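Enquirer: here's my sequence, what's the structure:
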Amino acid sequence: MKLSQKGIVLVLVPVAFEFVFVGSLFHLLHQSEIELNAAERARRLNVQLNRVHRAQMVMMGGLEPYKGAKVSRGSQRTDLAKKLLLDEIALLKRNFADDPAVLAYADEMKKTIFEGIKIANELKSSMGNVYNLEALSKFRKTRTLINDLSAMTERIWSETEQMEEESPVKMARTRDQLKLLLLAGLVINIGLAIGLAVYFSKGTVSRLSVVMDNTKRLAAEQQLNEPLDGDDEIAALDLTLRSMVEQREQIARKERALLENAADVICSLNDGGTFTDVSPACEKIWGYTQSEILSMRLISLVAPENAEATLQQIVAAKQTTADSAFENRIKRKDGSYVDMLWSLKWSPEEKTFFCVAHDNSERKEVERMKQEFVAMLSHDLRSPLNSVQAFFTMVSNNVYGSLSEKGMATVKSLEDTIAWLIEMISDLLDIDKIEAGLFDLNPKPVSLKAIVERADDALQSLAEKHKIEVELPINDAIVLVDQELFMRVITNLLSNAIKFSQSGSTVNIQIETLGEKVELRVIDSGGGIAPENQEIIFERFRQVHGAGTERRKSSGLGLAVSRAIVEQHDGSIGVRSALGEGSTFWVHLPGGDQ
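Expert: Numbers count the residues shown, from 1 in each chain. This next block holds a predicted model:
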């Protein structure tokens with residue numbers, strides 16, 4: 001039975017009993033009132049009958065003179081008795097108009113009285129004052145009527161007296177019934193209260209106690225009680241709770257599976273840096289079992305040269321809710337070291353660091369191989385190319401004798417190709433060094449206009465070759481840059497503008513101070529760059545060509561190198577362009593007073 005139905009039972013049963021109890025009580029009270037009214041009625045009737053009886057006696061006394069032939073005196077007394085008796089009968093009928101027996105008695109008595117009066121009048125008219133046998137006979141007849149009337153009165157009187165005698169007995173019986181009803185009502189009320197309480201306790205309170213105990217067991221991760229039977233709301237709540245437990249167990253199994261099969265070390269640290277939990281990957285990567293790690297502090301595993309930096313990272317991570325990332329080296333159980341990349345997050349609510357430690361050894365090895373490759377390019381490839389370039393330069397200068405016009409053209413082409421290869425290798429080496437942070441910047445406050453003028457001098461021959469006029473900036477600004485490195489940025493931007501502009505056009509260079517920043521603009525009149533290509537041109541080995549411009553031989557690294565250098569100076573670089581309208585390459589740098 002559902003809780004709503006149990007609630008209805010809990011309300012309706014006492015209400016139904018109260019209706020029955022109150023109904024019975026009203027019935028007994030009504031019965032008692034009827035008996036009380038009957039007793040009062042019997043008393044009043046008894047009094048009224050006494051008065052009627054006295055009137056009858058008076059009437060009988062009024063007939064006595066007829067017996068002695070004293071008609072005159074008898075007539076007066078009879079008239080008086082008649083009036084008195086009729087008045088009493090009228091009063092009797094008025095007071096007991098709802099009692100058919102009394103009304104019948106009163107009508108009969110009235111009839112008898114009128115008949116007696118008739119006989120008396122006959123005696124009066126026939127006899128006068130003479131005494132005879134006919135008068136005596138009529139007198140006896142009248143006396144018989146009076147006696148019948150008295151007998152009738154006696155009978156009703158007897159019934160009335162019996163009612164008066166029985167009334168106290170009936171009233172006492174009714175009072176006893178009321179007492180019994182009240183006592184029974186009290187007992188039944190108490191019984192109902194106890195029964196309903198036991199029923200509700202067994203069906204609701206005890207079941208709710210089981211659910212409450214299950215919630216505590218759920219919080220304590222203990223086994224739940226046996227499932228509740230039934231289809232009420234409490235059973236549904238218990239079922240929902242068990243469903244939650246099952247879902248939590250599924251999530252816990254998935255989490256355990258993830259932790260147990262994760263390649264990275266997933267762990268948690270208390271605010272003192274001691275391991276409070278760790279995934280099984282720690283044994284594979286560090287050589288320590290989970291039980292061994294849980295008794296150690298993180299700093300005890302960190303290589304001495306990384307200990308201070310690691311502590312600083314932990315302290316800094318505790319001051320923010322954002323993720324922190326850092327690298328260090330961890331000492332394995334066998335004494336060897338492994339490079340680790342840490343992701344750390346502090347939880348103020350749980351006062352715990354949640355960490356993911358990734359084995360960084362492969363990436364470090366790749367970086368090492370990359371550095372070796374760069375060194376190989378620098379020493380084993382660029383140096384021989386420089387020698388080849390020097391040889392072709394000597395050949396083109398007729399150091400080894402004169403060549404035909406065709407031979408000189410071939411040598412010149414080869415010389416350009418070697419120069420392009422050397423430039424590409426240099427750019428590749430430089431961009432790797434810059435992105436790896438291996439370039440030592442030497443920033444100083446310098447005139448930006450002076451660097452532009454130096455770049456223009458270096459590219460003067462290229463501009464003359466392409467018949468391009470370069471307009472130098474009018475304004476100047478002081479910027480904090482590594483002059484030699486930033487010279488490469490301007491050289492790259494200016495050489496691209498010259499190469500991709502129409503012959504006979506102008507390349508304009510502008511410098512403008514915008515608040516706390518300085519903007520350098522290189523504006524050409526080339527074919528422009530489509531919007532979808534304006535970002536990718538700063539990636540490695542990416543080249544795009546505007547409308548009406550021919551493909552130029554290039555390494556595709558110049559703009560990538562330029563962006564790397566600008567970002568090393570906390571600046572930004574970009575382009576504003578539209579097809580057929582030329583391009584404006586811009587560089588934003590902090591002012592020299594920043």
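
Enquirer: so, low pLDDT: which residues of the stretch 451-594 of the chain?
Expert: The model of the stretch 451-594 of the chain has pLDDT under 70 over residues 534, 540-556, 592-594.

Enquirer: kindly recompute the last result at 80.
Expert: By pLDDT under 80, the low-scoring segments of the stretch 451-594 of the chain are 527, 530-558, 580, 591-594.

Enquirer: try the stretch 151-300 of the chain
Expert: In the stretch 151-300 of the chain (pLDDT under 80), the answer is 151-172, 174, 195-208, 211, 214, 217-222, 228-235, 238, 248-263.

Enquirer: helix, strand, or coil at the closest residue to Lys333 other than its chain neighbours?
Expert: Spatial nearest neighbour of Lys333, chain neighbours left out: Gly287 (3.3 Å); criterion: C-beta to C-beta, 6 or more residues apart in numbering. (Glycine included, C-beta is placed from N, CA and C.) Recorded secondary structure, Gly287: coil (DSSP: H, G, I helix; E, B strand; the rest coil).

Enquirer: contacts for the host helix or strand of Leu480, please.
Expert: Assigned by DSSP states H and E, Leu480 belongs to strand 478-481. Strand 478-481 is contacted from outside by 443-448, 451, 486, 518, 569, 589-594, using C-beta atoms under 8 Å, 6 or more residues apart in numbering.

Enquirer: how about stretch 521-531?
Expert: Contact partners of stretch 521-531, identified using C-beta under 8 Å, 6+ apart, comprise 490, 493-494, 496-498, 500-502, 505-512, 537, 544-549, 575, 577-586.

Enquirer: for stretch 33-42, same thing?
Expert: 96, 99, 160-161, 163-164, 167-168, 170-171, 174.

Enquirer: filter those down to the buried ones and hand me the PyMOL line.
Expert: Per 16 or more other C-beta atoms under 10 Å, the buried members of the contacts of stretch 33-42 correspond to this PyMOL selection:
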select buried, resi 96+160+163+164+167+170+171+174
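
Enquirer: how about CSV for the contacts of stretch 33-42, with secondary structure and distance to Ile418 added?
Expert: Output for these, formatted as CSV (DSSP: H, G, I helix; E, B strand; the rest coil; distance: C-beta to C-beta, whole Å):
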residue, secondary structure, distance to Ile418
Phe96, coil, 151
Asp99, coil, 149
Thr160, helix, 155
Glu161, helix, 156
Met163, helix, 150
Glu164, helix, 152
Ser167, helix, 146
Pro168, helix, 146
Lys170, helix, 142
Met171, helix, 141
Thr174, helix, 136
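
Enquirer: from the contacts of stretch 521-531, which would you call buried?
Expert: By neighbour count, with 16+ other C-beta under 10 Å, these hold 490, 493-494, 496-498, 500-502, 505, 507-511, 537, 546, 575, 577, 582-586 as buried.

Enquirer: quick one: list the elements packing against the helix or strand where Glu154 lies.
Expert: Taking DSSP H and E as the criterion, Glu154 maps to helix 133-200. When contacts are defined as 3 or more C-beta pairs under 8 Å, 6 or more residues apart in numbering; DSSP states H and E, helix 133-200 sits against helix 3-67, helix 100-127.

Enquirer: which stretch in those has the least confidence?
Expert: Here the lowest mean pLDDT among the helices and strands packed on helix 133-200 goes to helix 100-127, at a mean of 69.

Enquirer: show me what counts as buried in stretch 524-544.
Expert: Buried residues in stretch 524-544, defined by neighbour count with 16+ other C-beta under 10 Å: 524-529, 533-534, 537-538, 543.

Enquirer: sorry, back to before: could you point out which element follows the strand holding Leu480?
Expert: Per DSSP H and E, strand 478-481 leads on to helix 483-500 as the next helix or strand towards the C-terminus.

Enquirer: what's that following helix packed up against?
Expert: Using 3+ C-beta pairs under 8 Å, 6+ apart as the contact test, the elements touching helix 483-500 are helix 448-458, helix 460-465, strand 506-514, strand 517-523, helix 558-568, strand 583-590.

Enquirer: mind listing what the following helix or strand past the fifth one pairs with, with the direction of each?
Expert: In this case it means helix 558-568. Using DSSP H and E, the helix or strand that directly follows helix 558-568 along the chain is strand 572-577. Strand 572-577 has its sheet partners listed here by DSSP bridges as strand 583-590 (antiparallel).

Enquirer: what does the strand it pairs with rub up against?
Expert: Here strand 583-590 has contacts from 448, 479-481, 489, 493, 496-497, 500, 514, 516-524, 526, 528-529, 546, 566, 569-577, using C-beta under 8 Å, 6+ apart.

Enquirer: returning to what we had before: tell me the angle of the helix holding Glu154 relative to helix 3-67?
Expert: Between the axes of helix 133-200 and helix 3-67, defined by axes from the mean of the first three to the mean of the last three C-alpha atoms, to 10 degrees, the angle is 170 degrees.

Enquirer: ok now helix 133-200, how far from the chain's centre?
Expert: 74 Å (C-alpha atoms, centre = their mean, to the nearest Å).

Enquirer: go on, stretch 299-310?
Expert: So, by C-alpha atoms, centre = their mean, the centroid of stretch 299-310 is 45 Å from its chain's centroid.

Enquirer: what about it, how long is it end to end?
Expert: Start-to-end span of stretch 299-310 (C-alpha to C-alpha, to the nearest Å) is 8 Å.

Enquirer: that stretch: which residues count as buried?
Expert: Going by neighbour count (16+ other C-beta under 10 Å), the buried part of stretch 299-310 is 299, 301-302, 306, 310.

Enquirer: which among those gets closest to Leu559?
Expert: Asn306 (36.7 Å; C-beta to C-beta).

Enquirer: confirm that the closest one sits in a strand.
Expert: No - looking at Asn306 with three-state DSSP, it is helix, so not inside a strand.

Enquirer: quick check: it touching Asn328?
Expert: Yes - with contact defined as C-beta atoms under 8 Å, Asn306 reaches Asn328; the gap is 3.8 Å.

Enquirer: if we can go back for a sec, need the buried residues of stretch 299-310 in JSON lines (columns: distance to Val211).
Expert: Listed next are the buried residues of stretch 299-310 as JSON lines, based on distance: C-beta to C-beta, whole Å:
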{"residue": "Ile299", "distance to Val211": "47"}
{"residue": "Leu301", "distance to Val211": "47"}
{"residue": "Val302", "distance to Val211": "50"}
{"residue": "Asn306", "distance to Val211": "53"}
{"residue": "Thr310", "distance to Val211": "49"}
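
Enquirer: which residues in the stretch 251-400 of the chain form strands?
Expert: Applying DSSP state E, counting those that start in this stretch to the stretch 251-400 of the chain gives strands spanning 265-270, 275-278, 324-331, 337-347, 352-359.

Enquirer: and the third one, what does it pack onto?
Expert: Yep, that's strand 324-331 we're talking about. Using 3+ C-beta pairs under 8 Å, 6+ apart, strand 324-331 is in contact with helix 304-318, strand 337-347.

Enquirer: I am finished for the moment; much appreciated.
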